[in-house]
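Any chance you could fold what I've pasted below:
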Amino acid sequence: MSEIIISDKVSAVAKRDIIDLNSKINAFNTGETPEEAFRKFRLTRGVYGQRQPGVQMIRIKLPYGRVTADQLVRIADTSDKFATGNLHATTRQDIQLHFVKLSDSPQLWADLEDAGITLKEACGNTIRNVTASSVAGIDPDEPFDVTPITHSIFTYFLRNPINQDMGRKFKIAVSSSEKDSALAFIHDVGLIAKMGTNDAGESVKGFKVLIGGGLGAQPFSAQTAFEFLEEKDVIPFIEALLRVFDRYGERVRRHKARMKFLLNDLGLEEMLARVEEQRVAVKNKVFTIPEDLFGTEEVESIAYAPRPSLTETDILRIAAESIDADKLDIFKKWLRTNTFEQKQKGWHAVQLRVLLGDMHSNTARSLADVVRKYAADDIRVTVNQGYILRFVKGEDLVAIYHELAKLGLVNPGFDSTMDITTCPGTDTCNLAISSSYGITRVLEDVMRDEYPEMIYNQDIKIKISGCMNGCGQHNACNIGFHGSSIKNGKLVLPALQVLLGGGFSGDGIGLIGDKVIKVPAKRGPETLRTLFNDYEANSYDGEYYNQYYLRQTKNYFFQLLKPLADLSTLTDDDYRDWDHDELFKTEIGVGECASVLVDLVATTITEGQEKLNLASENFQSGIWADAIYHAYNVLITGAKGLLMTKDVNTNTQYGIVNDFETHFGHDFIYDTPAEFELAEKAETPFKSLAFSINKFEPTEAFATYFIGTADKFLDFVRGTREAQLMETGEPALQELIFGKDS
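Here you go, the predicted structure:
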């Protein structure tokens, strides 16, 4: 086992996570841990298999995209040491590093934790990075800063037992205003800031709450759970909702395992009724959000006191002193499209448009120096794969422009039509079908050369994904493309599925785009030209693109683009993808190491013991609710293990409990204190025990009873499995589970 150097600044829980990752990697390499169990483990530690065998993508979790100058330098240094020197910004405000050796991932994580950066729960079936409007705190349209609640959601659910082993991932976004710049409408939980009135008639902070949104092959717009929910009630509501999703959500059919499908099956009314049933068991009935997250509120209020505002004319006058007249127009474009005055008078935000979301480590280090000199130490990665610098003085805009120009970071048109959002596609992703990077470069070149005015267009958004899964958010924009393929005789060519009408309507409603037609990938540029020229020729003055799409209808656009889908005019080049010379073929990269098959029941029992240990640790720390939930997971995990011995595959936790009743019924017996007897007992002791979790307050007494009974249940599981192995004569597996002396 390689030695990991972990600094004293790393917390005890993070240190244990890093050591556990290193141990599991060694166990996987020696065949002690089966591949699927290891895959699930490493994903929740931000380690994701790439298309290329033997290397990993590391996803760095940056809540609401916030990163300091020092942290940006640490990420850059880490990329140089363990990856390729590239920092890839994602649509979830993360930064990803690629081509990392599996054995290097624990030390990489340790180096990042030393700078206060985590990988924990960046991937896997847990709560992913909590995103938010990148302009939160400086947005002229916001009723209040949503940074504090976003940070609180992140910290509250990080390592929370409720979301450690869900059926699928869970995504949360927080928007600072009704413009919904965080795209709340496509999330499992979306929050949109607004002011409201409490029961006492006082004006209070709160949110419009959306649930059940999602993209992928079957996209759904989120439904409105509350038009207004007080801020103090938001985290308890999310916790209760997660308990429902964990209990009833699909766990076998991955394509049906997102919360949007559970909501669709139950209906909104029933979903909210089940959420209400969970309220008694949540850790906090209300949760007050701290305003001062970093201990700097007083200092910042002085440093960023209001300043005299400068007009564009004032700034251009300053620019004329150092910029040649023939280049002043370029600066003006940048000023208009990449900067804005914040809600704090006299202070400006500077937005960086980053092609493909990729930034070299040297550029990142130089950018950190620029931030230290001219901006607040609070950089935000944006959902469109750029960066925002905050609290820049108006008189410093010219100077920061010169510094950013040296780094190639002054391309105008931030978040405009020309600023395409894209995933890495076939460059690194296992699931991608065609090149996202290649077509993105080409389309941006087309707009730069033929439609330069698009740097000012904030209505039409273009997003591209390498497959239908939607990491590039192609469903949630006006013009979207996702990678696909078309069969023509015995040959296959790369293709683009064209989607139209997604994103925001003219009145701010979030829409899911329609699949219109599939065209050969090499005809992507002509597809874009056709759409732009048609819109320019036939739209009404002031008509938003989505309004135009709805007026013309889907069939109109199908007929418009149909000639580009004609396969009778293909050339040899159509059989080659963008950025590739070889003939195209559809393939999914492996990127996952093989391992020796061992008993999955043994692995499950070991997992149950680990959860029991966590229950005991939380109990010792007085965190009763978390201790109880860890113990509940012991019951579910142990029952699942024994059901494996009967070849029973169960879709939900609720189903596991019911199937355990069928196959092991009354075998597990335990004592229940009178105060925890249910008025209406379940059919079996086990069912009664499992479903009591949301019937009682999370007190010390209930935690003592519940954890103790879970411990006895795990002993029952071990004993039952040992008897099975003795009966079938499998001493090797018996030793694996129970040790040499069993």
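
and the closest residue to Phe532 other than its chain neighbours, what is it in contact with?
Distance criterion C-beta to C-beta, 6 or more residues apart in numbering; nearest residue to Phe532, sequence neighbours excluded, is Tyr451 at 6.0 Å. (Glycine included, C-beta is placed from N, CA and C.) By C-beta atoms under 8 Å, 6 or more residues apart in numbering, Tyr451 lies in contact with 417-418, 532.

Which residues does Val47 form beta bridges with?
Ile58 (DSSP bridges).

can I assume it is in contact with Gln56?
Yes: in this structure Val47 lies within contact range of Gln56 using C-beta atoms under 8 Å: 5.2 Å.

so what sits against both of those two?
Overlap of the contact sets of Val47 and Gln56 (by C-beta under 8 Å, 6+ apart) consists of 102, 105.

any idea how far the residue nearest to Phe532 is from Thr527?
14 Å (C-beta to C-beta, to the nearest Å).

do the same with Leu643
In terms of C-beta to C-beta, Leu643 sits 51 Å off from Thr527.

How about Gly54?
37 Å.

cool, and Glu36?
40 Å.

Same check on Ala303?
For Ala303, the distance to Thr527 - C-beta to C-beta - is 49 Å.

which of these two has more neighbours?
Neighbour tally, Ala303 and Thr527, criterion other C-beta atoms under 10 Å: the higher count belongs to Thr527, 22 against 10.

what packs against the helix or strand hosting that one?
Taking DSSP states H and E as the criterion, Thr527 maps to helix 524-538. Packing partners of helix 524-538 (3 or more C-beta pairs under 8 Å, 6 or more residues apart in numbering; DSSP states H and E): helix 436-450, strand 479-488, strand 491-500, helix 545-552, helix 554-561.

Show the secondary-structure elements that the fourth one is packed against.
In other words, helix 545-552. Against helix 545-552 (3+ C-beta pairs under 8 Å, 6+ apart) you get helix 524-538.

Just the buried positions in the helix it packs on, please.
Residues of helix 524-538 classed as buried by neighbour count (16 or more other C-beta atoms under 10 Å): 524-525, 527-528, 530-532, 534-535.

And stretch 404-423, by the same measure?
So, applying 16+ other C-beta under 10 Å, buried residues of stretch 404-423: 404-405, 407, 409-423.

quick check, distance from that stretch to the centre of its chain.
Its chain's C-alpha centre and that of stretch 404-423 lie 23 Å apart, by C-alpha atoms, centre = their mean, to the nearest Å.

Could you export that stretch as PDB, CA atoms only?
Provided in PDB are the C-alpha atoms of stretch 404-423 (Å, rounded to 0.1, in the frame of the first residue of the first chain):
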ATOM      1  CA  LEU A 404      -6.600  39.300 -19.300                       C
ATOM      2  CA  ALA A 405      -5.800  39.900 -23.000                       C
ATOM      3  CA  LYS A 406      -2.300  38.500 -22.300                       C
ATOM      4  CA  LEU A 407      -4.000  35.300 -21.200                       C
ATOM      5  CA  GLY A 408      -6.400  35.100 -24.100                       C
ATOM      6  CA  LEU A 409      -9.400  35.700 -21.800                       C
ATOM      7  CA  VAL A 410     -11.000  38.700 -23.400                       C
ATOM      8  CA  ASN A 411     -13.100  37.100 -26.200                       C
ATOM      9  CA  PRO A 412     -16.300  39.100 -26.200                       C
ATOM     10  CA  GLY A 413     -19.800  37.600 -26.100                       C
ATOM     11  CA  PHE A 414     -20.000  36.000 -22.700                       C
ATOM     12  CA  ASP A 415     -23.200  33.900 -22.400                       C
ATOM     13  CA  SER A 416     -24.200  35.000 -25.800                       C
ATOM     14  CA  THR A 417     -25.300  32.900 -28.800                       C
ATOM     15  CA  MET A 418     -21.700  32.600 -29.700                       C
ATOM     16  CA  ASP A 419     -20.700  31.300 -26.300                       C
ATOM     17  CA  ILE A 420     -21.600  27.600 -26.800                       C
ATOM     18  CA  THR A 421     -21.800  25.200 -23.800                       C
ATOM     19  CA  THR A 422     -20.500  21.700 -24.500                       C
ATOM     20  CA  CYS A 423     -19.400  18.500 -22.800                       C
END
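
Show me the chain divided up by domain.
As given by automatic domain parsing, the domain ranges for the chain are 12-113, 131-281, 309-406, 428-575, 600-738.

how far does the longest one stretch from start to finish?
Yep, that's domain 131-281 we're talking about. 27 Å (C-alpha to C-alpha, to the nearest Å).

now do the third one
Start-to-end span of domain 309-406 (C-alpha to C-alpha) is 27 Å.

Repeat that for the fourth one.
Across its full length, domain 428-575 reaches 21 Å end to end, with C-alpha to C-alpha as the criterion.

same deal with stretch 55-64?
27 Å.

So which bits of that stretch are buried?
For stretch 55-64, by 16+ other C-beta under 10 Å, it's 55-64.

Identify the farthest-apart pair in those.
Val55 and Tyr64 (28.9 Å; C-beta to C-beta).

quick one: contacts of the strand or helix carrying Ile192?
Counting by DSSP H and E, the element that carries Ile192 is strand 189-197. Residues outside strand 189-197 that contact it (C-beta under 8 Å, 6+ apart): 142-144, 146, 149, 170-178, 180, 182-184, 203-211, 213, 222, 228, 230, 234, 238, 241.

Just the ones of those residues in strands?
172-175, 203-211, 228, 230 (DSSP state E).

how about Ile127, phi and psi?
Torsion angles at Ile127 (phi, psi; degrees, to the nearest 10) stand at phi -80, psi 120.

any idea how far it lies from Leu266?
21 Å.

Between the two, tell me which one has more neighbours.
Neighbours were counted for Ile127 and for Leu266 using other C-beta under 10 Å; Ile127 has more, 25 against 16.

elements contacting the longest helix anywhere in the chain?
Ranked by number of residues, the top helix in the chain under DSSP state H is helix 700-728. Counting by 3+ C-beta pairs under 8 Å, 6+ apart, the packing neighbours recorded for helix 700-728 are helix 600-620, helix 624-644, helix 685-690, helix 731-738.

any idea which of those helices is most buried?
Neighbour counts (mean count of other C-beta atoms under 10 Å) averaged over each of the helices and strands packed on helix 700-728 peak at helix 624-644, with a mean of 25.

now that helix and helix 700-728, what's the angle there?
Angle, helix 624-644 to helix 700-728, by axes from the mean of the first three to the mean of the last three C-alpha atoms, to 10 degrees: 20 degrees.

Which residues belonging to the helix or strand following helix 624-644 are considered buried?
Reading on from helix 624-644 to the C-terminus, the next helix or strand found by DSSP H and E is helix 653-664. Within helix 653-664, the residues that count as buried by 16+ other C-beta under 10 Å are 653-661, 664.

give me the low-pLDDT residue ranges for the protein?
1-2, 294-302, 506-508, 586-600, 679-683, 728-742 (pLDDT under 70).

distance of Gly408 from Ala12?
For Gly408, the distance to Ala12 equals 42 Å [C-beta to C-beta].

To what extent is Met195 buried, counted in neighbours?
11.

Helices of the stretch 151-300 of the chain, residue ranges please.
If DSSP state H, counting those that start in this stretch is used as the criterion, the helices of the stretch 151-300 of the chain fall at 231-248, 259-266, 268-277, 297-303.

This completes my enquiry, with thanks.
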